[in-house]
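**Student:** Provided below for reference: sequence and predicted model.
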Amino acid sequence: MSEDEQSRQTFYEALGGAEGIRRIVESFYPKVQAHPLLGPLFPENIDPVIEKQYMFLSQFFGGPPLFSEAHGHPMMRARHLPFPITEERAKAWLGCMAQALEESGLDHKVQLAALERLKGPAYHFINS
Ligand code: HEM
């Protein structure tokens, strides 16, 4: 791909589009479930959470607005208020995401940029 074509590529495309995001989310949640600080916050049946996160990250990274179409305005901080989110949990969440991105085999710069974009919301959701 020429540099020109690359600069026109959306971040969503750089992450591998729908397939890439699904792969990341599917490797992310088993890590979340296994994490002592995060696992207990999540339901045993993680499939609906995987689906919502797939839809959300698709739109968050510039792809189709799947989450809003299905569930309305994201209001993500409000949706997290029922759960005690501490700084430690935000760090743990980002740590699991860093591992999932690492396993994705995506370009390292793309991995770091994705993580950087998620840092803001993760710390913003701290409520406890
Ligand atoms: C900061 C640490 C975080 C913790 C501890 C956390 C935890 C949770 C929990 C417990 C749920 C509810 C699962 C359920 O019972 O359905 C949830 C839902 C969700 N989280 Fe997080 N989360 C964090 C950060 C994030 C970030 C950074 C994003 C994306 C930028 C995100 C996106 C979502 C989405 C899309 C849902 C589904 C919302 C819905 O039910 O409509 N979370 N999260």
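**Tutor:** Looks like it came in fine. Numbering: from 1, shown residues only.
**Student:** how close does the residue most central in space within the chain sit to the ligand?
**Tutor:** Geometric centre of the chain, nearest residue: residue 57, 5.4 Å, by CA atoms, centre = their mean. Distance, residue 57 to the ligand, using CB to the nearest ligand atom, to the nearest Å: 7 Å. C-beta here means a position set from N, CA and C on the backbone, and glycine is covered the same way.
**Student:** what's the answer for residue 82, then?
**Tutor:** Per CB to the nearest ligand atom, residue 82 is found 8 Å from the ligand.
**Student:** tell me which element that residue is part of?
**Tutor:** Assigned by DSSP states H and E, residue 82 belongs to no helix or strand.
**Student:** residue boundaries of the helices in this protein?
**Tutor:** For the chain, the helices defined by DSSP state H occupy 3-8, 11-14, 17-34, 47-60, 66-71, 76-80, 87-104, 108-124.
**Student:** ok, which of those helices comes nearest residue 40?
**Tutor:** Nearest to residue 40 among those is helix 17-34; the distance by CB to CB comes to 9.5 Å.
**Student:** give me the phi and psi angles of residue 16.
**Tutor:** Note on residue 16: backbone dihedrals following degrees, to the nearest 10 are phi 100, psi 20.
**Student:** quick check: residues of the chain near the ligand?
**Tutor:** Contacts of the chain with the ligand, taken as CB under 6 Å from any ligand atom, map to 38, 41-43, 49, 52-53, 56, 60, 71, 76, 79-80, 83, 85, 89-90, 93, 118, 121-122, 125.
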